[in-house]
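Asks: Curious how this folds, go ahead:
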Amino acid sequence: MARLLTLAVAAAVIGLASLFIVTLSSSGGVRMPASGSTVPNPGNGLVPEATFFPIGVWNQTPEDSAGGYRQLGVTVFVGLYHGITPSALATLRDSGQYLIGDQPPAPAVNGDVIKAWQSQPDEPDTAGNGPQPPSQVIATYKAIKAADPSRPVFVNFGPGVADITWLGGGANVGHPERYPEYAKGGDLLSEDTYPINGGHPITAVADGVDNLRRYSDNAKPVYAFIETTAIEEGNPKPTPEDVRAEVWLALIHGANGIVYFCNVFSPSFDEAAMLHDPVTSRAVADLDSQITSLAPVLNADTVTNDVTVSTPDRVDVMEKHHGGKLYLMTESVGDHATSARFTMRERLDGTITVIGENRRIPVVKGRFSDSYDVHGVHLYEFSPR
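Replies: The predicted structure is shown next:
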């Protein structure tokens, strides 16, 4: 049975990340570590296939960019810049991509492309939209479901999900008790906290995912928006390492899908700025390829308490068992290089192969150690003796 462990360890030191993936296998069948508590994965809510993990972009024009995003591994458009049109749906159909869109007044041709409806406005919990009270968000949800009960409803919240003291939340500042009610206003929940553009710590990405999962009792899919551009003139621009760190931190904390924010608003508007940036787009393509290859693992259930971590900083860990293998995905969120020592509950011996780096790490009685660069990403394979 597939399982996953999410574990956050040590001090609240803020920074970027390293990623480690550990795969455990043996030719004679796998002797798995003893399992901790299992938390079911709620799925992605769009496509019930183990090999599908949603990778989206927000508010784009498919006729201009579907092919380019498809080459990056993007499978879902969340919102359309010009709304739902026959041309947009035909383009998405031809490119093999799906849509989470605003509900039109009448059925749409090629409507099978539409996998969910998007609640409006975006970020109803922010001061820019009132904020709307939870009752109004729930009323919008009920109206969308009444018009089409066959599709789920997607609702996206602002940075107040991650940081209840965020001043942009208006009347919601200091009121986390409102968010379990907000969570009733959608079937698919998401949040958009941007550490680089917004000046938040990178751990806010983890906090946003954790809080949405908690507000919905881990019963609804949770998506994370990821920044890829300098959104406004004068903002710092996320590096490819920043994007990768934010994505993996969201996934390690249980995100069931990701949505890239690709727009630049000033000094001039470019809705597909990430796509037009060759350095970032290449890095995103590599990242999306890695996510897609791990989709069956990411879609597995959650297991806790199998692995402990000793580190002078903070290292967040996710474990899954899938297809006779054990996976660990870990990320350092400190602001400098660090090290970590891992201990499995069952004291297995073997060797970790660091894939693509021509090095191996011994595992003795279930223990191994490694170092983390601030932005390093590593893949490991562990074969017990």
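Asks: Every contact and neighbour count from this point should use C-alpha atoms.
Replies: Will do.
Asks: contact partners of stretch 229-242?
Replies: 16, 196-197, 227-228, 261-267, 273-274, 279-280, 283-284, 375 (CA atoms under 8 Å, 6 or more residues apart in numbering).
Asks: now with 7 Å?
Replies: Under the criterion CA atoms under 7 Å, 6 or more residues apart in numbering, residues 16, 196-197, 228, 262-267, 273-274, 280, 283, 375 lie in contact with stretch 229-242.
Asks: what does stretch 115-135 give?
Replies: Residues contacting stretch 115-135 (CA under 7 Å, 6+ apart): 46, 98-103, 141, 151-158, 168-171, 178, 181-182.
Asks: Any buried residues in it, and which?
Replies: Neighbour-count burial for stretch 115-135 flags 115-120, 122-127, 131-134 (criterion: 16 or more other CA atoms under 10 Å).
Asks: Now restrict the contacts of stretch 115-135 to buried residues only.
Replies: Among these, those that count as buried by neighbour count (16+ other CA under 10 Å) are 46, 98-103, 141, 151-158, 168-170, 181-182.
Asks: P362: what secondary structure?
Replies: Secondary structure for P362, judged by DSSP: H, G, I helix; E, B strand; the rest coil, is strand.
Asks: same deal with A250?
Replies: helix.
Asks: Measure how buried it is and give me the count.
Replies: Counted with other CA atoms under 10 Å, the neighbours of A250 add up to 27.
Asks: wait, isn't it in contact with V205?
Replies: Yes. With contact defined as CA atoms under 7 Å, A250 reaches V205; the gap is 6.0 Å.
Asks: Please spell out which residues along the strand or helix carrying V205 are buried.
Replies: Assigned by DSSP states H and E, V205 belongs to helix 203-215. Of the residues in helix 203-215, 203-213, 215 count as buried by neighbour count, 16+ other CA under 10 Å.
Asks: helices and strands around it, which ones?
Replies: strand 222-227, helix 240-252 (3 or more CA pairs under 7 Å, 6 or more residues apart in numbering; DSSP states H and E).
Asks: Let's see that with 8 Å instead.
Replies: On a contact count with 3 or more CA pairs under 8 Å, 6 or more residues apart in numbering; DSSP states H and E, helix 203-215 meets strand 188-191, strand 222-227, helix 240-252.
Asks: Render the CA-only coordinates of it in PDB, please.
Replies: Taking C-alpha atoms only, helix 203-215 is exported to PDB below (Å, rounded to 0.1, in the frame of the first residue of the first chain):
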ATOM      1  CA  THR A 203       7.800  28.700   5.200                       C
ATOM      2  CA  ALA A 204       4.600  30.600   4.400                       C
ATOM      3  CA  VAL A 205       4.100  28.200   1.500                       C
ATOM      4  CA  ALA A 206       4.100  25.300   3.900                       C
ATOM      5  CA  ASP A 207       1.900  27.100   6.300                       C
ATOM      6  CA  GLY A 208      -0.700  27.900   3.600                       C
ATOM      7  CA  VAL A 209      -1.000  24.300   2.600                       C
ATOM      8  CA  ASP A 210      -1.000  23.000   6.100                       C
ATOM      9  CA  ASN A 211      -3.700  25.400   7.200                       C
ATOM     10  CA  LEU A 212      -6.000  24.700   4.300                       C
ATOM     11  CA  ARG A 213      -5.700  21.000   4.900                       C
ATOM     12  CA  ARG A 214      -6.500  21.600   8.600                       C
ATOM     13  CA  TYR A 215      -9.400  24.000   7.900                       C
END
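Asks: That one: how far from the chain's middle?
Replies: 11 Å (CA atoms, centre = their mean, to the nearest Å).
Asks: which residues are contacting it?
Replies: Applying CA under 8 Å, 6+ apart, the contact partners of helix 203-215 are 14-15, 159, 161-163, 179-180, 183, 189-191, 193-195, 218-224, 246, 249-250, 253-255, 333.
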